[in-house]
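Participant: okay, predicted coordinates and the sequence, questions at the end:
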Amino acid sequence: MNIYLDCSHMKPDTFTGIQVFTLNFLKELSKNLNKNLKIITQYPELFDFISKDKILVLNSFFRDKKNHWKKRFIWFQFFLPYLLKKDDILISASNDLPYYGSFKKVVVVHDVIPLEYPNGVPLFTKWYFKYNVKFCISKSDLIFTVSEISKKKILKYTKIEENKIKVIPPGVNHLGRNYVNDDGKLNNIIKNVNNYFLIVNPNLPHKNFKNMILAFLNSEICNKAKLIVVGELNFENQKLIQNKNNVIHYPKVSNYELQMLYKNSIAVINCSFVEGFSLVPFEAALFEKPSIVSFNIPPAQYLKNAVLECDPNDILSMATAINKMYYLYVNKPEEYRKMGSLAKNLTKELTWENYVKKFLDELLKLF
């Protein structure tokens with residue numbers, strides 16, 4: 001019996017949240033399943049920490065960044081099912097599975113955001129989730145997801161037996177994002193900024209950037225504090241912050257710079273309409289920083305009492321939370337520090353070691 005982890009969704013220079021998840025999951029999984037684990041990829045250079053004899057490298061036809069998802073679909077549905085034997089297990093960390101095959105199928109479904117919030121989602125992605133992902137999930141033997149919130153949404157959009165879905169929060173003791181690495185020296189502009197709130201990676205429609213900006217600009221403290229925005233912005237979002245002296249935008253920062261931005265911030269603002277998990281508040285928590293989050297996303301579940309909650313559809317609700325956080329920061333520093341300390345303690349429990357242990361405990365029940 002072999003356990004195959006499909007990594008064909010990964011490609012160089014495009015480290016999405018799912019790809020960060022897969023890399024950290026694989027690093028820990030390989031410590032526990034060294035003999036039986038094999039990985040499938042078009043880009044073996046991404047996995048230099050794995051022995052070469054454990055890597056199944058796809059034909060060069062599939063090394064096509066431009067048509068990555070289309071060719072991956074061909075591989076997944078028409079080639080992979082013939083590769084695995086009946087007693088093998090396939091783990092997919094990217095929401096989908098082959099339609100057929102006698103081997104055991106295990107999938108990690110992070111979220112169903114393209115089904116829940118299709119605005120701005122590319123046409124192929126809409127189709128992929130509406131038809132392909134829903135059908136793939138129905139063929140799985142076991143489904144893992146990252147929160148009770150995600151579980152409820154999976155059940156809402158698919159016809160799955162509830163006992164097939166297992167909830168395990170992923171590890172968050174890492175900082176891995178699609179940022180440009182530099183020599184690790186802090187940018188002088190970043191170094192000289194203080195007294196600010198922080199928004200990270202807000203460009204996708206479900207991230208609710210417009211409402212977050214309007215909430216900050218309409219808050220009572222917008223002339224007392226600054227807002228730093230990290231990540232690429234589309235033209236519409238760039239216009240929202242144009243000529244705003246109290247809003248600073250960094251399209252890209254290094255991992256080190258991001259850590260310093262977390263460390264020196266007042267709090268993170270993360271008021272998305274929907275999220276699968278949302279790493280940002282947990283990354284901030286590692287630096288003992290509280291967050292302002294939507295009431296309906298996983299950080300509100302896992303960081304209870306260490307965050308201020310708000311309604312992502314209500315600008316006044318968000319502005320009120322920003323005002324309150326600043327008030328605690330300035331006038332009740334002990335209470336503010338307690339929130340940050342609690343956030344860090346809660347996040348410490350979410351390690352990759354714990355995730356993989358719980359994952360394997362559930363996986364063994366398949367036999």
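Facilitator: Nice, thanks for sending it over. Numbering: from 1, shown residues only.
Participant: for the record, mean pLDDT for stretch 156-163?
Facilitator: Averaged across stretch 156-163, the pLDDT comes to 87.
Participant: end-to-end on it?
Facilitator: 14 Å (C-alpha to C-alpha, to the nearest Å).
Participant: what's downstream of the lowest-mean-pLDDT helix or strand in the chain, the next helix or strand?
Facilitator: Every helix and strand of the chain was ranked by mean pLDDT, DSSP states H and E. The lowest is helix 188-191, at a mean of 64. Per DSSP states H and E, the first helix or strand lying C-terminal to helix 188-191 is strand 196-200.
Participant: so where's the stretch 251-367 of the chain shaky on pLDDT?
Facilitator: 367 (pLDDT under 70).
Participant: can you show me the helices along it?
Facilitator: 255-264, 280-285, 298-302, 315-331, 333-348, 352-364 (DSSP state H, counting those that start in this stretch).
Participant: pretty sure F277 sits against V20.
Facilitator: No. F277 is beyond contact range of V20, at 10.8 Å (criterion: C-beta atoms under 8 Å). All C-beta spots, glycine's among them, are computed from the backbone N, C-alpha and C.
Participant: these two - which one has more neighbours?
Facilitator: F277 (25 against 17; other C-beta atoms under 10 Å).
Participant: contacting residues around that one?
Facilitator: Applying C-beta atoms under 8 Å, 6 or more residues apart in numbering to F277 gives the contacts 17, 110-111, 146-147, 150, 169-170, 298.
Participant: cool, K164 as well?
Facilitator: 140-143.
Participant: and for Q301?
Facilitator: 147-149.
Participant: just the buried ones from the residues you listed?
Facilitator: The neighbour count (16 or more other C-beta atoms under 10 Å) marks 147, 149 as buried among the contacts of Q301.
Participant: so which of the contacts of Q301 belong to helices?
Facilitator: 148-149 (DSSP state H).
Participant: now the contacts of Q301 as TSV including pLDDT?
Facilitator: Below are the contacts of Q301 laid out as TSV (pLDDT from 0 to 100):
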residue	pLDDT
S147	91
E148	91
I149	89
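Participant: can you pull the domain assignment for this structure?
Facilitator: The record's domain parsing of the chain by automatic domain parsing lists 3-171+351-364, 188-348.
Participant: which of the ones you listed sits most buried?
Facilitator: domain 188-348 (a mean of 19; mean count of other C-beta atoms under 10 Å).
Participant: can I get stretch 26-34 in PDB, CA atoms only?
Facilitator: Extracted in PDB, the C-alpha atoms of stretch 26-34 (Å, rounded to 0.1, in the frame of the first residue of the first chain):
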ATOM      1  CA  LEU A  26       3.700  17.500   3.300                       C
ATOM      2  CA  LYS A  27       6.800  18.500   5.400                       C
ATOM      3  CA  GLU A  28       5.100  17.100   8.600                       C
ATOM      4  CA  LEU A  29       3.400  14.200   6.800                       C
ATOM      5  CA  SER A  30       6.800  13.000   5.400                       C
ATOM      6  CA  LYS A  31       8.100  12.600   9.000                       C
ATOM      7  CA  ASN A  32       5.300  10.200   9.800                       C
ATOM      8  CA  LEU A  33       4.900   8.200   6.500                       C
ATOM      9  CA  ASN A  34       8.500   8.100   5.200                       C
END
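Participant: quick one: contacts of that stretch?
Facilitator: 3, 5, 7, 37, 39, 47, 49-50, 54, 171, 352-353, 355-356, 359-360.
Participant: same question for stretch 354-367.
Facilitator: For stretch 354-367, using C-beta under 8 Å, 6+ apart, the contacting residues are 25, 28-29, 31-33, 89, 104, 106, 141-142, 144, 166, 168-171.
Participant: and with 7 Å instead?
Facilitator: Counting contacts by C-beta atoms under 7 Å, 6 or more residues apart in numbering, the residues outside stretch 354-367 that touch it are 25, 28-29, 32, 104, 106, 141-142, 144, 166, 168, 170-171.
Participant: now do stretch 132-150
Facilitator: 95-97, 99, 104-111, 151, 154, 157-160, 164-170, 276-277, 296-298, 301, 359, 362, 366.
Participant: out of these, which are inside strands?
Facilitator: Counted as lying in strands by DSSP state E, out of the contacts of stretch 132-150, are 104-108, 165-167.
Participant: how far away is the residue of the chain most remote from its centre from N323?
Facilitator: Centroid-distance maximum for the chain: N331 at 33.5 Å, with C-alpha atoms, centre = their mean. Using C-beta to C-beta, to the nearest Å, N331 is found at 11 Å from N323.
Participant: break down the stretch 101-250 of the chain into its helices, ranges please.
Facilitator: Using DSSP H, counting those that start in this stretch, helices in the stretch 101-250 of the chain cover 113-116, 123-127, 134-138, 148-157, 188-191, 209-217, 235-241.
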